[in-house]
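In: here is my input; please provide its structure:
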Amino acid sequence: MKQISVVFAGVLILASAALFAQAAKASLEGVRNFTIVDATVGCAGATEASAMPAIAARGYKSIVNLRLATEPGAAIDESRSAAEKAGLKFIHLPFNGAAPDMAVADAFITVVTTKANQPVFINCGSANRVGALWLAKRMLIDKWDAAKAADEAKLIGLSSPALETFAVDYVAARRK
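Out: Residues are numbered from 1 along each chain as shown. Below is the predicted model of the structure:
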């Protein structure tokens, strides 16, 4: 009986660890749609320059901004300046959701897997583009299956079927 209890306790611990390893929504002033993916990654939508000190205080080392400079409210230069003032490395990878570019996806994969950039905070306007590129990273680098990666990406903010298709096609092209 004691052995069964020990095994049951072990199963409960593993199940709890799996639950806590899942991405979780969080709140941070000046950040829209914030999701803590794990200890090394945070994802979000629109992020105000005023939020950079709070992002740094949470332990992030770098910001990856996927917004186009022409987007209303993007404020790339202001965000860069605030990030650098807060001690964050600012990486701008403009990713056009209407015309996704595989070269930007390549750069994204390199940036988010570079240890010197971690923990990394990734943002765009709504977290739709973040979710798409994160889906590609999960499949290509972490070897997740498409369904599991898509579920997490949708929790992060992926809402575009076209961007989901882009991510899956990108992975297929890079695996060749």
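In: helix, strand or coil for the residue nearest to the spatial centre of the chain?
Out: Among the residues of the chain, residue 43 comes closest to the average C-alpha position under CA atoms, centre = their mean, at 3.9 Å. With DSSP: H, G, I helix; E, B strand; the rest coil as the basis, residue 43 sits in strand.
In: ok, now which ones touch it?
Out: 23, 34-35, 37, 121-123, 127, 130-131, 134, 156-157 (CB atoms under 8 Å, 6 or more residues apart in numbering). (Glycine included, C-beta is placed from N, CA and C.)
In: make TSV out of these and add secondary structure, neighbour count and pLDDT.
Out: Putting these into TSV (DSSP: H, G, I helix; E, B strand; the rest coil; neighbours: other CB atoms under 10 Å; pLDDT from 0 to 100) gives the following:
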residue	secondary structure	neighbour count	pLDDT
23	coil	18	84
34	coil	25	96
35	strand	22	96
37	strand	21	96
121	strand	28	98
122	strand	30	98
123	strand	27	98
127	coil	27	97
130	helix	30	98
131	helix	30	98
134	helix	26	98
156	helix	27	97
157	coil	25	97
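In: ok, of those, which one's closest to residue 170?
Out: Using CB to CB, residue 134 comes nearest to residue 170 of those, at 12.0 Å.
In: all good on my end, thank you.
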